[in-house]
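Colleague: Make a model of this:
(one chain, ligands or ions: 1)
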Amino acid sequence: MRGKALVLALVLGAALAFTAVAFAGNGGFAPETPHSPPAQSINESYKLVALLTGCILVLVEGALIWFIIRYRRRNRPRTQEGPQIHGATKLELFWTAVPVVILAVIVGFVLYKLPGIRDVPAAKAQGGPLVVRIDGHQFYWQFTYPNGAVSINEMHVPVNRVVQVDIHSQDVDHSWWIPQLQGKFDAIPGHPNHTWFKAEQLGTYRGQCGEFCGVYHAAMAASVVAEPKADYLAYIAAAQDPMTLGGREWRGVCAACHGLSGTGGYGPNIQANSTIVSPEGLRRLLLNGQNTLKPIDDYMPPVGKGWSDAQFNALITYIKAHVYKGTTSGG
Ligand code: CUA
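Modeller: Presented below is the predicted three-dimensional model:
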């Protein structure tokens, strides 16, 4: 009876697992469909390793199951020893050589693909790569474009353009990861990283901070919007408007914890707090954070570390126009 229940539980469990896999996109097995050359190479390496290890799994588990059935005890006494066999030189050579060859194939393939993943292409026809600076912050991504424009959480790039990203962190370790475009690259304080991608299709590519970085790590999403060059140029020109920039900072940085209208969420209600309309007070708060030695309760990260004057000014302009509901004595 217990045996039957166990078998039933196993069969139901397997059915659930397979259904989940079938419902997930691309079988839930392969990585995201690549839309950038390095992501393509990563995808090919993944598939080669998956194919080889898949064959090994089937072979080894198949042999195991076959041996369990073929050489089961039957009605021999429990204490009876089987025939004692040792030494099979050919077989031993075979199972030593084959794994060496398989590993060599994997290493060779990955080393062959690696330069295409790692090295930023010269992109001479495009006048070199477009360089965008990324700053990881608790808990948002900041992008700075060649014209000095800044956007938050959403990076815009021209489609089919080689983009080099210089990845910085202003506080703790984060990890920049847009799976359809490139592998994961850590944002490490004091140690800038560089990588690249080339989005080959118009569209929005979603990603997520890949390194646990604090209470709002899970909410630290990022996206890359690949658009026609004219749209990209219009975007980074418009991004310099203080009200636009301030709105992005408010929604992407402050509102994550304090709510869209400042009435509180994870963080306290600040709608009527005069500090947010005091240029010096706000700057001091954003640069130093609050209660930074108590990393959970009442903790506010120094979200404005590394900000330019234009960024502070834009935020206060937006807050005065759209957020602050107190009396304006603080100036
Ligand atoms: Cu930033 Cu996790």
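Colleague: Skipping its backbone neighbours, what lies nearest Trp250 in space?
Modeller: If you skip the residues right next to it in sequence, Trp250 has Tyr318 as its closest partner in space, 5.3 Å away by CB to CB, 6 or more residues apart in numbering. The C-beta positions use only the backbone N, C-alpha and C, and glycine is treated the same way.
Colleague: residue contacts, that neighbour?
Modeller: 242-243, 245-247, 249-250 (CB atoms under 8 Å, 6 or more residues apart in numbering).
Colleague: Helices along this structure, start to end?
Modeller: 2-23, 37-70, 89-118, 229-238, 242-249, 255-258, 279-288, 309-322 (DSSP state H).
Colleague: Which elements pack onto the fifth one?
Modeller: The one in question is helix 242-249. When contacts are defined as 3 or more CB pairs under 8 Å, 6 or more residues apart in numbering; DSSP states H and E, helix 242-249 packs onto strand 150-152, helix 309-322.
Colleague: The first one now?
Modeller: Using 3+ CB pairs under 8 Å, 6+ apart, no helix or strand is in contact with helix 2-23.
Colleague: For that helix, give the mean pLDDT please.
Modeller: Computed over helix 2-23, the mean pLDDT rounds to 80.
Colleague: Run the chain-centre distance for that helix.
Modeller: 32 Å (CA atoms, centre = their mean, to the nearest Å).
Colleague: now do stretch 79-98
Modeller: Relative to its chain's centre, stretch 79-98 lies at 46 Å (CA atoms, centre = their mean).
Colleague: Can you pull out the residues in contact with that stretch?
Modeller: Tyr71.
Colleague: So for that stretch, mean pLDDT?
Modeller: 91.
Colleague: Equivalent analysis for stretch 270-279, please.
Modeller: For stretch 270-279, the per-residue pLDDT values average out at 85.
Colleague: May I see the buried residues of it?
Modeller: Counting neighbours by 16 or more other CB atoms under 10 Å, one finds that the buried residues in stretch 270-279 are 270-271, 273-274, 276-278.
Colleague: same thing with stretch 144-157?
Modeller: Neighbour counts over stretch 144-157 (16+ other CB under 10 Å) mark 144-145, 149-157 as buried.
Colleague: Are that stretch and the ligand in contact anywhere?
Modeller: No - figure legend: stretch 144-157 not in contact with the ligand (CB under 6 Å from any ligand atom); closest approach 11.4 Å.
Colleague: check contacts around Leu315.
Modeller: The neighbours of Leu315, taking CB under 8 Å, 6+ apart as the test, are 245-246, 249-250, 254, 282, 286.
Colleague: what about it, distance to the ligand?
Modeller: As judged by CB to the nearest ligand atom, to the nearest Å, Leu315 and the ligand stand 21 Å apart.
Colleague: Give me the pLDDT for that residue.
Modeller: For Leu315, the predicted pLDDT is 94.
Colleague: ditto for Gly128
Modeller: Gly128 is assigned a pLDDT of 93 by the prediction.
Colleague: Touching, it and Pro146? I think so.
Modeller: No - between Gly128 and Pro146 there is no contact, the gap being 10.7 Å when judged by CB atoms under 8 Å.
Colleague: didn't Gln142 look like it was pressed against Ala149?
Modeller: No - under the contact definition of CB under 8 Å, Gln142 does not touch Ala149, with a separation of 11.3 Å.
Colleague: What separation is there between Asp171 and the ligand?
Modeller: For Asp171, the distance to the ligand (CB to the nearest ligand atom) stands at 9 Å.
Colleague: and if you look at Ala314?
Modeller: Here the distance between Ala314 and the ligand works out to 23 Å (CB to the nearest ligand atom).
Colleague: re earlier: ranking the helices and strands packed on helix 242-249 by burial, who's on top?
Modeller: Counting by mean count of other CB atoms under 10 Å, strand 150-152 has the highest mean neighbour count of the helices and strands packed on helix 242-249, with a mean of 22.
Colleague: so what's the nearest residue to Asn147 once chain neighbours are set aside up against?
Modeller: Distances taken as CB to CB, 6+ apart place Ile236 nearest to Asn147, at 5.5 Å, with adjacent residues excluded. Applying CB under 8 Å, 6+ apart, we find Ile236 in contact with 145, 147, 149, 156.
Colleague: Identify the farthest-apart pair in those residues.
Modeller: Farthest-apart pair in the contacts of Ile236 is Asn147 and His156; separation 12.1 Å (CB to CB).
Colleague: rewinding a little: can you list the buried residues of stretch 144-157 in JSON lines and add pLDDT?
Modeller: Below are the buried residues of stretch 144-157 laid out as JSON lines (pLDDT from 0 to 100):
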{"residue": "Thr144", "pLDDT": "97"}
{"residue": "Tyr145", "pLDDT": "97"}
{"residue": "Ala149", "pLDDT": "95"}
{"residue": "Val150", "pLDDT": "96"}
{"residue": "Ser151", "pLDDT": "96"}
{"residue": "Ile152", "pLDDT": "96"}
{"residue": "Asn153", "pLDDT": "96"}
{"residue": "Glu154", "pLDDT": "97"}
{"residue": "Met155", "pLDDT": "97"}
{"residue": "His156", "pLDDT": "98"}
{"residue": "Val157", "pLDDT": "97"}
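Colleague: Fine by me, thanks again.
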